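*Asks:* generate a structure from the sequence data that follows.
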Amino acid sequence: MLPRGKGEIVRLSRGASLTDFAEKINANPASLVQVMFNLGEMVTATQSVPDETLHLLGEEMNYAVQIVSPEEEDRALLESFDIEFGEDEGGEQALVPRPPVVTVMGHVDHGKTRLLDAIRKTNVIEGEAGGITQHIGAYQASTEVNGQERKITFIDTPGHEAFTAMRARGAKSTDIAILVVAANDGVMPQTIEALNHAKAAEVPIVVAVNKIDVEGADPTKVRGQLTEYGLVAEEYGGETMFVDISAKQGENIEGVLEAVVLTADAALDLRANPEQQAQGLAIEAHLDRGRGAVATVLVQRGTLRVGDTMVVGDAHGRVRAMLDDKGEHIKEAGPATPVLVMGLTNVPGAGDNFLVVEEDRTARQIADRRATRERNASFAKRTRRVSLEDLDKALKAGQVQNLNLIIKGDASGSVEALESSLLQLDVGEEVDLRILHRGVGAVTETDIDLATGSDAIVIGFNVRAEGRATQLADREGVDVRYYSVIYQVIEEIEAALKGMLKPEYEEIELGTAEIREIFRSSKLGNIAGVLIRSGEVKRNTKARLLRDGKVISENLNIEGLRRFKDDVTEIREGFEGGINLGKYNDIKVDDVIATYEMREKPRV
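*Replies:* This is a model prediction of the structure:
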């Protein structure tokens, strides 16, 4: 006889199985399998099932099912190891002042990256696609206020509306937000969106009125517009500091830094205990060819030291080395200090919490349990191969209710932002969009196998397929799509889900060439000595440069092609030759030059 609850509460984690449910109510798992069969669902006893299935079973058995949030699960997990996360140990006397952590927000193209660039005196704009910051980093700057040197930590977050999740997470990890508004454009939609994120995170705001040197600039108008949203300038009797700047000309940058420090002193009590074991946040993580899995972490309390054993999300390891934002090796990092950490077993997720523990075994156990939890939750989501072009037909024929995606990217922050943005798409009730898997690195055969078994579309963001994955995808008919700007992914997926995707052009790969040697020419720059690995390489075709499966540069052009001393128009597979990429000279041995052309495709 099955035990029937009387509205009793059963707490289960995401991706729980019928066996987990049975243990909670002292029942036989096989009997719950029979109940689900009677409800019209074929489920095995050990299979991870979605939250809806658990709720359905609970209603049938007269139990109130509560799905435990990931945060609650993590808190309970750490408590089982007697670890208190997010607490400053040692009381009031152990606390010392720490630098403020700042996020720069605002509308796309209003100068957020230029402001950060002016602050840290290095140019990160060159490597961006579509004018949007693609990766998250963290940097520290110094300024002198009242004769005292003060440090400020900046978290570099993307600024386009498609990056809502990243920006929101950045606000939660920061003390102060700098809202950049262009003096010639004024308040724009993403300005309001960024403002709402900062308010939701309850962080003070400093407004940097940028582009005061351009024609049509009106800083006074900006102050008036922001008054409507509750930001009243100090000169108008309010509490918000407004600073007029020109990031391009480097004008009044010190004023912004001073405003941040003064706002922090007036509104916040920024102190932490540097003596306890380190805790904090992973801001970014990726796979590095020579270093393995590396993560940029922000120490929020305690001091992180080389040799410490740490857990970051479902990754763990002993800190082999730490680099500061200038790329220099350091031995320890105190509160509010960002550092690049080496020595992790795998790539953690951007936004994952990190903590230092005493023993390697404890770190491994915590990481393994977190990984198991995430795996169960992802298995529960997994359902029904379809291309974006076929989706509209399949929907109309009633053949598909789910669009399954696999996302691979070059950095975990971008992957997370892309996943979050896609899941927020409003496409009605006709189709359910599901992310089956996300990861950092090139598209692999394993990804193609997963896509084959679940009718998924693979999205490669700034990465390409590696090894035999391309041939496997062609053989199995898996749709693999490559992008370098996130909002292009959003637009295409949304158009496909709404049945409006009718591409006019498609990218056709012509050939790939592996760089075996590099020749220097005073007249032509660097010339790549190559072996054509596949297809044929033609002069005056488009090309991209790949390094370890990642896209290093887009929109290159094959400007010169030589066989021995002769200029040629094409070189075929198996032959060697020389390639000149024009003014682009950042090439290395083992890089791959992939050539392609855009061909017109008949409308469906």
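*Asks:* so how far is whichever strand or helix holds residue 151 off the chain centroid?
*Replies:* Secondary structure assigned from DSSP states H and E places residue 151 in strand 148-156. Strand 148-156 sits 24 Å away from the centroid of its parent chain (C-alpha atoms, centre = their mean, to the nearest Å).
*Asks:* what pairs with that strand, parallel or antiparallel?
*Replies:* strand 101-106 (parallel), strand 137-145 (antiparallel) (DSSP bridges).
*Asks:* what's next to the longest one, contact-wise?
*Replies:* Read that as strand 137-145. Identification of contacts with strand 137-145 by C-beta atoms under 8 Å, 6 or more residues apart in numbering yields 99, 116, 119-120, 124, 149-156, 254, 257-258, 261-262, 283-284, 296, 298, 324-325, 337-338. Glycine gets a C-beta too; all of them are placed from N, C-alpha and C.
*Asks:* can you flag the weakest of the strands paired with strand 148-156 by average pLDDT?
*Replies:* Mean pLDDT values for those show the minimum at strand 137-145, a mean of 84.
*Asks:* okay, buried residues for that strand please.
*Replies:* By neighbour count, and taking 16 or more other C-beta atoms under 10 Å as the criterion, the buried residues in strand 137-145 are 137, 138, 139, 140, 141, 143.
*Asks:* please write out the alpha-carbon positions of it in PDB.
*Replies:* The C-alpha trace of strand 137-145 is given here as PDB (Å, rounded to 0.1, in the frame of the first residue of the first chain):
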ATOM      1  CA  GLY A 137      37.800  40.900 -16.600                       C
ATOM      2  CA  ALA A 138      38.700  42.800 -13.400                       C
ATOM      3  CA  TYR A 139      41.200  45.500 -12.900                       C
ATOM      4  CA  GLN A 140      42.600  47.700 -10.100                       C
ATOM      5  CA  ALA A 141      43.300  51.400 -10.300                       C
ATOM      6  CA  SER A 142      44.700  53.900  -7.800                       C
ATOM      7  CA  THR A 143      43.800  57.600  -7.200                       C
ATOM      8  CA  GLU A 144      44.800  60.200  -4.700                       C
ATOM      9  CA  VAL A 145      42.100  61.600  -2.500                       C
END
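*Asks:* low-confidence regions, the stretch 301-450 of the chain specifically.
*Replies:* Across the stretch 301-450 of the chain, the stretches falling below the confidence threshold (pLDDT under 70) are 378-401, 426-431.
*Asks:* need the helices for it, in chain order.
*Replies:* For the stretch 301-450 of the chain, the helices identified by DSSP state H, counting those that start in this stretch occupy 360-381, 388-396, 412-423, 445-454, in order along the chain.
*Asks:* which one among the buried residues of strand 137-145 gets closest to residue 412?
*Replies:* The shortest gap between residue 412 and any of the buried residues of strand 137-145 belongs to residue 137, at 12.6 Å (C-beta to C-beta).
*Asks:* beta partners for that closest one?
*Replies:* On the basis of DSSP bridges, residue 137 is bridged to residue 156.
*Asks:* again with the one 4 residues further on
*Replies:* In this structure, residue 141 has beta-bridge partners residue 152, where bridges are defined by DSSP bridges.
*Asks:* ok, residue 594 touching residue 543?
*Replies:* Yes - the pair residue 594 / residue 543 is scored as a contact, 6.4 Å apart, by C-beta atoms under 8 Å.
*Asks:* higher neighbour count, these two?
*Replies:* Neighbours around residue 594 and residue 543, counted as other C-beta atoms under 10 Å, are more numerous at residue 543. The numbers are 24 against 21.
*Asks:* pLDDT value on that one, please?
*Replies:* In this model, residue 543 carries a pLDDT of 94.
*Asks:* pLDDT of the longest strand along the chain, averaged?
*Replies:* Among the segments of the chain that qualify as a strand by DSSP state E, the longest is strand 505-521. Per-residue pLDDT values across strand 505-521 average out to 89.
*Asks:* closest to residue 203 out of the buried residues of strand 137-145?
*Replies:* Checking those against residue 203 with C-beta to C-beta, the nearest one is residue 138 at 16.3 Å.
*Asks:* let me see the contact set for the nearest residue to that closest one once chain neighbours are set aside.
*Replies:* Distances taken as C-beta to C-beta, 6 or more residues apart in numbering place residue 338 nearest to residue 138, at 3.2 Å, with adjacent residues excluded. Applying C-beta under 8 Å, 6+ apart, we find residue 338 in contact with 137-140, 153, 155, 283, 296-299, 324-325.
*Asks:* now do residue 338 against residue 53, distance only.
*Replies:* The span separating residue 338 from residue 53 equals 42 Å under the rule C-beta to C-beta, to the nearest Å.
*Asks:* show me where the stretch 451-600 of the chain has its helices.
*Replies:* Assigned by DSSP H, counting those that start in this stretch, the helices in the stretch 451-600 of the chain fall at 469-476, 486-497.
*Asks:* mind putting the ones you listed in a markdown table, distance to residue 441 included?
*Replies:* Shown next, in a markdown table, are those (distance: least, C-beta to C-beta, whole Å):
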| stretch | distance to residue 441 |
| --- | --- |
| helix 469-476 | 11 |
| helix 486-497 | 18 |
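*Asks:* tell me which of those is the most buried.
*Replies:* Neighbour counts averaged per stretch over those are highest for helix 486-497, at a mean of 19; criterion: mean count of other C-beta atoms under 10 Å.
*Asks:* now do that one: which elements does it pack against?
*Replies:* Other elements packing on helix 486-497 under the criterion 3 or more C-beta pairs under 8 Å, 6 or more residues apart in numbering; DSSP states H and E are helix 388-396, strand 402-409, helix 412-423, strand 456-461, strand 480-483.
*Asks:* 7 Å instead, please
*Replies:* Packing partners of helix 486-497 (3 or more C-beta pairs under 7 Å, 6 or more residues apart in numbering; DSSP states H and E): helix 388-396, helix 412-423.
*Asks:* give me phi/psi at residue 587?
*Replies:* The phi and psi torsions at residue 587 (degrees, to the nearest 10) take the values phi -120, psi 150.
*Asks:* what is the burial count for it?
*Replies:* Look at residue 587: counted by other C-beta under 10 Å, it has 21 neighbours.
*Asks:* surely it meets residue 526?
*Replies:* Yes - under the criterion of C-beta atoms under 7 Å, residue 587 makes contact with residue 526 at 5.6 Å.
*Asks:* give me the common contacts of those two.
*Replies:* Shared contacts of residue 587 and residue 526 (C-beta atoms under 7 Å, 6 or more residues apart in numbering): residue 518.
*Asks:* and residue 204, how close does it get to residue 537?
*Replies:* Distance of residue 204 to residue 537, given as C-beta to C-beta: 55 Å.
*Asks:* so for these two, which sits in the more crowded spot?
*Replies:* Under the neighbour definition other C-beta under 10 Å, residue 204 and residue 537 were set side by side, and residue 537 has more, 27 against 18.
*Asks:* list the contacts of that one.
*Replies:* Remark: with contacts taken as C-beta under 7 Å, 6+ apart, residue 537 is in contact with 510, 511, 513, 558, 561, 570, 571, 579, 595.
*Asks:* please apply the same query to residue 251.
*Replies:* Going by C-beta under 7 Å, 6+ apart, residue 251 touches 213, 245.
*Asks:* residue ranges of the strands in the stretch 51-200 of the chain, please?
*Replies:* Using DSSP state E, counting those that start in this stretch, the strands found in the stretch 51-200 of the chain span residues 63-68, 96-97, 101-106, 137-145, 148-156, 176-182.
*Asks:* closest one to residue 90 among the helices of the stretch 451-600 of the chain?
*Replies:* Shortest distance between residue 90 and those, using C-beta to C-beta, is found for helix 486-497: 42.5 Å.
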